[in-house]
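Colleague: model this:
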Amino acid sequence: MTLLKCFLLTGALLGTSPAAAQNSAPAPSFKTAQDVEAWKEKNRNWNRWGPEDQLGAVNLITPAKRKEAARLVREGVSISLAHPLETQKAADVSSPLGHKMLFTGESPESLYSADALSLEFHGFTHTHLDALCHVFDHGKMYNGYEQKLVTANGCAKLAVTTLKDGILTRGVLIDIPALQGVPYLEPGTPIHAKDLEAWEKKTKVRVSSGDAVIVRTGRWARRAAVGPWDVSQHSAGLHASTADWFKKRGVALVATDTGLDVLPSGVENDPFPTHVMLINALGISVLDNADTEALSKAIAERKRYDFLLSIAPLIVEGGTGSPVNPIAVF
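Modeller: Reported below is the predicted structural model:
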């Protein structure tokens, strides 16, 4: 009996196939910064879509993928995934929205109202999309572009304007508190690939190439229940090992209701490994501080776990990202 036949027979006896055996290989542990560096060297998507590419994994959202996502709209019901912009400082609001009224209706002579907004959107408060120029690693940005291309004039490459036509694709909610039967995860709780797969098994919905994956930790539910806390230091979130899973599944965008990484990260000498691996190494778009509470309820009521997701960033020339109002449509 040949070695190949022995391997196939063993797989059959175990109820698996060679492909299944390969897919079931344990995920990297990512205990140290050296583990992360070794993974990046092996798995970077740099040059995957050409040396001049600036879209990254959004390239996986093909016209066919958009049409497939559009067919998920059956009810015409839309739900926002944006958290209301915070206007007051708090433990998790270091840079509140600046909102100034310029003209009001208090005077009888007033013909209209107007206001002005100012917003520092990066951080752990406001719902925003990170551009691929947002994260540097060893002097480089995604696809090997030099970080010095980001100057006082903005990002000369990989700016948020590369996504000016919007992101329109299949969205999949992975609700970890619902999986565990709790209202929210406690700060510091890591989410691993096995948790993502357990949700798939429960819902019978599989993440596929070009998808946007929205991971709920219940951050906003916890804030409503116990009040704000310093999310920048202590937060539930994605463990670095999930980057390997997102790469294998061909995910185009990852959104969370936190700042993405579990904090502390659990990786020695690397505070934000997941951010760096997704954005810089893989070119996966990242959306931070989404508000998934209304979406979670809609999903539970319908028993539908995927939907059309639409994200339209502001067209800011040279911008490192944009505040956004993502819309899920059922």
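
Colleague: Okay, buried residues for the helix or strand containing residue 223 please.
Modeller: Per DSSP states H and E, residue 223 falls inside helix 219-226. By 16 or more other C-beta atoms under 10 Å, the buried positions in helix 219-226 come out as 219-223. All C-beta spots, glycine's among them, are computed from the backbone N, C-alpha and C.

Colleague: which one of those is nearest residue 291?
Modeller: residue 220 (5.3 Å; C-beta to C-beta).

Colleague: so where's the chain uncertain?
Modeller: Under the criterion pLDDT under 70, the flagged ranges of the chain are 1-28.

Colleague: Walk me through the domains of it.
Modeller: 1-27, 31-88+119-329 (automatic domain parsing).

Colleague: tell me the most buried of those domains?
Modeller: Of all those, domain 31-88+119-329 has the most neighbours on average by mean count of other C-beta atoms under 10 Å, namely a mean of 19.

Colleague: measure that one end to end?
Modeller: End-to-end distance for domain 31-88+119-329, by C-alpha to C-alpha, to the nearest Å: 39 Å.

Colleague: and if you look at stretch 139-155?
Modeller: Using C-alpha to C-alpha, one end of stretch 139-155 lies 14 Å from the other.

Colleague: which one of the buried residues of helix 219-226 is nearest residue 277?
Modeller: Nearest to residue 277 among these, counting by C-beta to C-beta, is residue 219 at 21.2 Å.

Colleague: if I read this right, the closest one contacts residue 235, doesn't it?
Modeller: Yes: between residue 219 and residue 235 there is a contact at 7.2 Å, judged by C-beta atoms under 8 Å.

Colleague: overlap in contacts of these two?
Modeller: By the contact definition C-beta atoms under 8 Å, 6 or more residues apart in numbering, residue 219 and residue 235 are jointly contacted by residue 258.

Colleague: Give me the contacts around the helix holding residue 223.
Modeller: Contacts of helix 219-226 (C-beta under 8 Å, 6+ apart): 83, 92, 177, 183-187, 229, 231, 235-236, 257-258, 291-293.

Colleague: Over to stretch 111-122?
Modeller: 85, 95, 97-105, 126, 128, 130, 134, 320-323.

Colleague: Among those residues, which ones are in strands?
Modeller: If you go by DSSP state E, these have 98-103, 128, 130, 321-323 in strands.

Colleague: Same list (these) but as a markdown table, adding distance to residue 172.
Modeller: Below are the ones in strands among the contacts of stretch 111-122 laid out as a markdown table (distance: C-beta to C-beta, whole Å):
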| residue | distance to residue 172 |
| --- | --- |
| 98 | 35 |
| 99 | 34 |
| 100 | 39 |
| 101 | 40 |
| 102 | 42 |
| 103 | 44 |
| 128 | 21 |
| 130 | 20 |
| 321 | 22 |
| 322 | 23 |
| 323 | 23 |
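
Colleague: Of all pairs in the residues you listed, which one is the farthest apart?
Modeller: It's 103 and 130 that sit farthest apart of the ones in strands among the contacts of stretch 111-122, by C-beta to C-beta, at 34.2 Å.

Colleague: mind listing the strands in the stretch 51-200 of the chain by residue range?
Modeller: Shown for the stretch 51-200 of the chain, the strands assigned by DSSP state E, counting those that start in this stretch span residues 78-80, 98-103, 114-118, 128-130, 150-151, 154-155, 167-175, 190-191.

Colleague: Pull the residues that contact the fifth one.
Modeller: When contacts are taken as C-beta under 8 Å, 6+ apart, the neighbours of strand 150-151 outside the stretch itself are 133, 136, 141, 156, 320.
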